[in-house]
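K.L.:
next input, structure requested:
(chains A and B)
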Amino acid sequence: MRAVITVIGKDMVGILAKVATACADANANVLEVTQSVLEEYFAMIMLVDITKMTPDLAGLTAAIEGAVPDMKVHVMHEDIFNSMHRI
Amino acid sequence: MLNTTDILETITMIRDEHLDIRTVTMGVSLLDCLDADAARSCEKIYEKITRRAERLVPVCDAIETKYGIPIINKRISVTPVAFAVGASGGDPVAFARTLDRAAAAVGVNFIGGFSALVQKGFAAGDLALIEAIPEALAVTERVCSSVNVGSTKAGIHMDAVRMMGEAIVRTAELTADRQCIGAAKLVVFCNAAEDNPFMAGAFHGVGEPDCVINVGVSGPGAVRAAVEQAPKDADLSEIAEIIKKTAFKVTRMGQLVGAEAAGLLGVPFGIVDLSLAPTPAIGDSVAYILEEIGLAQTGACGTTAALAMLNDAVKKGGVMASSSVGGLSGAFIPVSEDAGMIAAATSGALTIEKLEAMTAVCSVGLDMIILPGDTPPAVISALIADEAAIGMVNSKTTAVRVIPAIGKKVGDVLEFGGLLGSGPVMKISTIDPSVFVARGGRIPAPIQSLKN
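P.N.:
The predicted structure is shown next:
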């Protein structure tokens, strides 16, 4: 089972580190990361394996939101993207 | 890996464009709850609904978290209660109270099915149920009622049409202290869909399984945003293509959620109803899509053509995305629930006559239209007959959900709040149709009903 974490907001130091730490604490394994900064706008998409994750998805979302409180965080199961964008 | 653009598109659709699962509706058959004793029948109905739907709300909440997609409403539809009333006799209002209690117990905000199917005539229970509708809707919070008065196969049952005009006025009168809210929960259908998950017209058809999950998805905001991104000189076939692609994505999401909810609840998955169902939130409007296509305001000449294209493109995208598309699937045009429609009705750009033309090409009918409080019941009955005729001849579902605003006149406003919104009292022709309505009987089924 894999989930997609997106973090969007104003760029600052340590976003990737904080989100990755929250994932590690939850035992969610980071598989891929793409990140871009356009002017001051930060957007990161992270694919994580949640098969052995200890909290549920809501718990992981809360942990990441706590780590980067100024950013918009979405944690969603990958199937929603697969079903919407692939025939 | 998943495409970054696709991921951001989905998140933008949900966060900024109000894309959501509008409703997960559990259909529950009451056929095994019928009993000769009304009290016993009510007990069985309460027990079955609360047993079947016990986990509906928690399961939907879990899916909402898993996929990050809001599920706005969880609802229940049941077999038309007229069957239960027919089996037991007794006061239909007791059944409405039972449904209300069961809905409250499982935490759903609406339960549909205080209904009767009378397109060809009244069977046991039908007349009593129709007569009880005003009181049932006045004494309950969550019960929704619908009556099917016509079909392409049967024609239009004008005695029922006459009764429903009176029932709508009476329902509004009994809830006059609450913005006449009762009438907003009462729908008169022609060619009613038996698997429609949307309220107030949802009921569980007798041909349906014992229990089923139907899903209604929405996304006028996402469609509008997609059209907005097209070049202004894009031709209409390109616009139709854009709408189709967006509808495809939205339907896929509904299919995913519906199948998962059904699996978790251990009941069959019924259908995805892909309907562009607006809400009063800014940007979540079907009227704005029509305006984005190129009309200065909804109600202008060209509105019917643009809506026809929109409705068709939505269906085509949906059909490609799921093999279980059903219900009403298309574009809804409820006036009070759509910011663009409210603006157009308030400015006078949109009239009831134009709305009637639009219903010939949209997915349902005259919806959430507020009428002057002194509109005679015969006028409302005649309006129902007009709308039913459009449905009957065109082999489509049409419906009337109008709210006589008791004590108010044209230009005043009714405020329902929430998803039901608010709207101006609209002008309706009061030229007297009462002799036509009083004739009763049936308008015979049209020639196109003889297809066999």
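K.L.:
and the strands in the stretch 51-200 of chain B, which stretches?
P.N.:
B:71-78, B:110-117, B:143-151, B:155-157, B:186-190 (DSSP state E, counting those that start in this stretch).
K.L.:
any chance of those strands in JSON lines, plus mean neighbour count?
P.N.:
Any C-beta I mention is one placed from the backbone N, CA and C, and that applies to glycine too. Formatted as JSON lines, the strands of the stretch 51-200 of chain B follow (neighbours: other C-beta atoms under 10 Å in any protein chain shown):
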{"stretch": "strand B:71-78", "mean neighbour count": "24"}
{"stretch": "strand B:110-117", "mean neighbour count": "28"}
{"stretch": "strand B:143-151", "mean neighbour count": "28"}
{"stretch": "strand B:155-157", "mean neighbour count": "24"}
{"stretch": "strand B:186-190", "mean neighbour count": "30"}
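K.L.:
return the residues of chain A in contact with chain B.
P.N.:
Residues of chain A lying near chain B by C-beta under 8 Å from any C-beta of the partner chain: A:4, A:6, A:8, A:32, A:34, A:43, A:45, A:47, A:56-58, A:61, A:72, A:74-85.
K.L.:
looking at the strands of the stretch 51-200 of chain B, which is closest to B:Ala38?
P.N.:
Taking C-beta to C-beta, strand B:110-117 is the member of those nearest to B:Ala38, at 14.7 Å.
K.L.:
mind listing what that closest one pairs with, with the direction of each?
P.N.:
The strands beside strand B:110-117 in its sheet (DSSP bridges) come out as strand B:71-78 (parallel), strand B:143-151 (parallel).
K.L.:
of those, which approaches B:Val215 most closely?
P.N.:
For those, the distance to B:Val215 is smallest for strand B:71-78, at 8.9 Å, taking C-beta to C-beta.
K.L.:
residues contacting the closest one, please?
P.N.:
Defining contact as C-beta atoms under 8 Å, 6 or more residues apart in numbering or on different chains, one finds that strand B:71-78 is touched by B:20-30, B:45, B:49, B:53, B:56-57, B:60-61, B:63-64, B:99, B:102-103, B:106-113, B:196-197, B:199, B:202-204, B:214, B:257, B:419.
K.L.:
if we can go back for a sec, in CSV, list the strands of the stretch 51-200 of chain B along with distance to B:Thr304.
P.N.:
Supplementary listing: these in CSV, determined by distance: least, C-beta to C-beta, whole Å:
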stretch, distance to B:Thr304
strand B:71-78, 29
strand B:110-117, 29
strand B:143-151, 22
strand B:155-157, 23
strand B:186-190, 19
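K.L.:
to B:Arg442, which of those lies closest?
P.N.:
With C-beta to C-beta as the criterion, B:Arg442 lies closest to strand B:155-157 of the strands of the stretch 51-200 of chain B, at 5.0 Å.
K.L.:
in TSV: the strands paired with strand B:110-117, plus mean pLDDT.
P.N.:
Output for the strands paired with strand B:110-117, formatted as TSV (pLDDT from 0 to 100):
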stretch	mean pLDDT
strand B:71-78	96
strand B:143-151	98
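K.L.:
just the pLDDT for the residue nearest the centre of chain A.
P.N.:
In chain A, the centroid-proximal residue (C-alpha atoms, centre = their mean) is A:Ile5; its distance is 2.4 Å. pLDDT for A:Ile5: 95.
K.L.:
now it: phi and psi?
P.N.:
With angles defined as degrees, to the nearest 10, A:Ile5 sits at phi -110, psi 130.
K.L.:
look up the residues forming beta bridges with it.
P.N.:
Taking DSSP bridges as the rule, A:Ile5 bridges to A:Met46, A:Val75.
K.L.:
pretty sure it contacts A:Ile45?
P.N.:
Yes - A:Ile5 lies in contact with A:Ile45 (C-beta atoms under 8 Å); the separation is 7.3 Å.
K.L.:
mind listing what the residue nearest to the centre of chain A touches?
P.N.:
Taking C-beta under 8 Å, 6+ apart as the test, what A:Ile5 contacts is A:19, A:23, A:44-48, A:60, A:64, A:73-75.
K.L.:
filter the residues of chain A next to chain B down to just the ones in helices.
P.N.:
A:57-58, A:61, A:79-85 (DSSP state H).
K.L.:
so which residues on the stretch 101-250 of chain B come close to chain A?
P.N.:
So far as C-beta under 8 Å from any C-beta goes, the stretch 101-250 of chain B lies against chain A at B:249-250.
K.L.:
which residue does chain B have closest to chain A?
P.N.:
Closest to chain A within chain B is B:Gly68: 3.6 Å, counting by C-beta to the nearest C-beta.
K.L.:
that residue and A:Asp56, how far apart?
P.N.:
According to C-beta to C-beta, to the nearest Å, B:Gly68 stands 13 Å off from A:Asp56.
K.L.:
can you check B:Gly155 too?
P.N.:
Distance of B:Gly155 to A:Asp56, computed by C-beta to C-beta: 55 Å.
K.L.:
swap in B:Tyr67?
P.N.:
13 Å.
K.L.:
and those two? Which one has more around it.
P.N.:
A count of neighbours by other C-beta atoms under 10 Å in any protein chain shown puts B:Tyr67 above the other of B:Tyr67 and A:Asp56, at 26 against 14.
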